[in-house]
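Chemist: could you look at this predicted model? Sequence included:
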Amino acid sequence: MIHTITNFFTDEQISALDEIIDAHKDKPGSLIPMLEETQELLGYIPECVQERISVKADIAPNKIYGVVTFYSFFSMNQKARHRIQVCMGTACYVKGGKEIADKIEKDLGVKFGESTEDGRFTYEKARCFGACGLAPIILVDGKVYGKVTLDSIDGILSQYE
Ligand code: FES
């Protein structure tokens, strides 16, 4: 299999990554903030993402690799097979996001930032995705699920093994 970025991430994730790169490139000292936002967006920074940053921001690949591997905060590997992100932006929070987060934590036995013991899910909190009309929102592997209810969560997560 060719390990291109499109094998790992959705078109929406890739355009959001490009926005991060465009917002930071050409600014001195911007590599670490750019990588922090990239990791927040994608959960990890594999080689294909490093390559895209290198080309689009004109930064040497070994410089990016050096920073990603030096700081323990950054990861080149996905922590679990799937990534759940619960939006904790204001609209989602008041429309039931908090209860959804509570249910996921209870059912999966995890707190924000943790992975399930079986390596199935990493569970993270996220900021507003700008799709507040669909609140409350969760993302699984970058796919958006809107108007989530306590009753619909099990059906959503059961699609991910
Ligand atoms: S608050 Fe969740 S998408 Fe805006």
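Modeler: Structure's in. What do you need?

Chemist: any idea how far G97 is from H82?
Modeler: Counting by C-beta to C-beta, to the nearest Å, the separation of G97 from H82 is 19 Å. Glycine gets a C-beta too; all of them are placed from N, C-alpha and C.

Chemist: skipping adjacent residues, who's closest to the closest residue to the ligand within the chain in space?
Modeler: When distances are taken as C-beta to the nearest ligand atom, the chain reaches nearest to the ligand at G89, 2.5 Å away. Leaving aside its sequence neighbours, G89 sits nearest to C128 (C-beta to C-beta, 6 or more residues apart in numbering; 3.0 Å).

Chemist: same question, L41
Modeler: Leaving aside its chain neighbours, L41 sits nearest to A16 (5.6 Å; criterion: C-beta to C-beta, 6+ apart).

Chemist: and the helix or strand harbouring that neighbour, what does it pack against?
Modeler: Secondary structure from DSSP states H and E places A16 in helix 11-24. The contact analysis (3 or more C-beta pairs under 8 Å, 6 or more residues apart in numbering; DSSP states H and E) places helix 11-24 against helix 31-42, helix 47-57.

Chemist: tell me which of those helices sits nearest to G119.
Modeler: helix 31-42 (18.1 Å; C-beta to C-beta).

Chemist: got the angle between the closest one and helix 11-24?
Modeler: In terms of direction (axes from the mean of the first three to the mean of the last three C-alpha atoms, to 10 degrees), helix 31-42 departs from helix 11-24 by 160 degrees.

Chemist: so which bits of the chain are right by the ligand?
Modeler: C87, G89, T90, A91, C92, C128, F129, A131, C132, A135, I137 (C-beta under 6 Å from any ligand atom).

Chemist: next step: those residues restricted to helices.
Modeler: T90, A91, C92 (DSSP state H).

Chemist: give the contact list for the closest residue to K143 other than its chain neighbours.
Modeler: Distances taken as C-beta to C-beta, 6+ apart place T10 nearest to K143, at 7.0 Å, with adjacent residues excluded. Contacts here follow C-beta atoms under 8 Å, 6 or more residues apart in numbering; on that basis T10 touches D141, G142, K143.

Chemist: would you list those residues in JSON lines and tack on pLDDT, secondary structure and neighbour count?
Modeler: Formatted as JSON lines, the contacts of T10 follow (pLDDT from 0 to 100; DSSP: H, G, I helix; E, B strand; the rest coil; neighbours: other C-beta atoms under 10 Å):
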{"residue": "D141", "pLDDT": "90", "secondary structure": "coil", "neighbour count": "17"}
{"residue": "G142", "pLDDT": "87", "secondary structure": "coil", "neighbour count": "18"}
{"residue": "K143", "pLDDT": "92", "secondary structure": "strand", "neighbour count": "13"}
